[in-house]
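Participant: Here's a sequence, model it:
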Amino acid sequence: MRAKRLWLVVTFPSTTAAMAMESYCRQHEVPGRLIPVPTSISAGCGMCWRAPIEERERIGNAITEAALTGTLLYEVWI
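Facilitator: Sure, this is the predicted structure:
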């Protein structure tokens, strides 16, 4: 079994918002990737952005710059 690690997880109100985050992050080289929402979290669209916990500030800036509303940030052991 792989050891769990603390990750920053961003949830979205819609799949469109999740895709917008992925597009923005790819264009601006912000680390992370889309994954299914962990079972310990409840989210509307079922997709979330997982990134290293150290990237909290960059992820927060990406959310603001991409004008993504309704997002929530979590710290989750995955």
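Participant: what about the closest residue in space to Glu55 that isn't next to it in sequence, how many neighbours?
Facilitator: Leaving aside its sequence neighbours, Glu55 sits nearest to Pro31 (C-beta to C-beta, 6 or more residues apart in numbering; 5.6 Å). No exception for glycine: its C-beta is placed from N, CA and C like everyone else's. Neighbour count of Pro31, defined by other C-beta atoms under 10 Å: 13.
Participant: try Met19
Facilitator: Counted with other C-beta under 10 Å, residues neighbouring Met19 total 14.
Participant: Heading C-terminal from the host helix or strand of it, find the next helix or strand.
Facilitator: Following DSSP states H and E, one finds Met19 within helix 15-27. Toward the C-terminal end, the helix or strand that comes next after helix 15-27 (DSSP H and E) is strand 33-36.
Participant: so the one residue sitting closest to the centre of the chain, which of the three states?
Facilitator: Taking C-alpha atoms, centre = their mean, the centroid of the chain lies closest to Trp49, which sits 2.3 Å from it. Three-state call for Trp49 (DSSP: H, G, I helix; E, B strand; the rest coil): strand.
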